[in-house]
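[1] Model the following, please.
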Amino acid sequence: MNHGVSRIVAELLAFDRGSELYRYDGHISDRLVRKEFTEALQILAQKRVILLAVETNYSEGVLKQLSADVVYKLPEEDRMMVVNPQSRYEICQGDALFVVAESEPTEL
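    Residues are numbered from 1 along each chain as shown. Sure thing, here's the model as predicted:
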């Protein structure tokens, strides 16, 4: 139904060339911490990294804050994930960031 989407997904899932999906769970720089998702997206775009999703600690407060979004509760941990949040979500130290990049990020 969405022409070309399957090719993009195939490209992102092929780990031998081009851009790939990565989960970054290292130290998040001060320039991203306490920035809203959309601000962090713009900052990372300058480094040619695309922010897609955030995994954070599960809490009723954050869940309520993200009530307009689809939030995935991770069963194995007390964590939750939101993809491209439309609500105002601020990046926190300890979050895991899901990004598209040419190579695995060593710092963000």
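
[2] What residues does the residue nearest to Ala68 when sequence neighbours are not counted make contact with?
    Once flanking residues are discounted, Ala68 sits nearest to Ser87: 5.1 Å by CB to CB, 6 or more residues apart in numbering. Just so you know, the C-beta spots here come from the backbone N, C-alpha and C atoms, and that holds for glycine as well. Taking CB atoms under 8 Å, 6 or more residues apart in numbering as the criterion, Ser87 is in contact with Gln65, Leu66, Ser67, Ala68, Asp69.

[3] buried set for stretch 95-108?
    Applying a neighbour-count criterion of 16 or more other CB atoms under 10 Å, one finds Asp95, Leu97, Phe98, Val99, Val100, Ala101, Pro105, Leu108 buried in stretch 95-108.

[4] ok, the last one touching Val33?
    No - Leu108 is beyond contact range of Val33, at 10.4 Å (criterion: CB atoms under 8 Å).

[5] What distance do you get for Glu55 to Thr106?
    19 Å (CB to CB, to the nearest Å).

[6] who are the neighbours in contact with Arg48?
    By CB under 8 Å, 6+ apart, the residues touching Arg48 are Ala101, Glu102.

[7] Also Ala40?
    Ala40 neighbours (CB under 8 Å, 6+ apart): Leu32, Leu51, Ile91, Leu97.

[8] any weak-confidence spans in the protein?
    The chain contains residues with pLDDT under 70 at 1, 3-17.

[9] contact partners of stretch 101-108?
    By CB under 8 Å, 6+ apart, the residues outside stretch 101-108 that reach it are 18-20, 22, 24, 26-29, 32, 44, 48-50, 97, 99.

[10] try stretch 19-32
    Taking CB under 8 Å, 6+ apart as the rule, stretch 19-32 contacts 11-14, 40, 43-44, 52, 55, 91-93, 95-108.

[11] go again using 6 Å as the cut-off
    Residues outside stretch 19-32 that contact it (CB atoms under 6 Å, 6 or more residues apart in numbering): 12, 40, 91, 93, 96-102, 104-105, 108.

[12] from these, which is closest to Arg79?
    For those, the minimum distance to Arg79 (CB to CB) is 8.1 Å, reached by Ala96.

[13] mind checking how far that closest one is from Leu51?
    Ala96 sits 11 Å away from Leu51, going by CB to CB.
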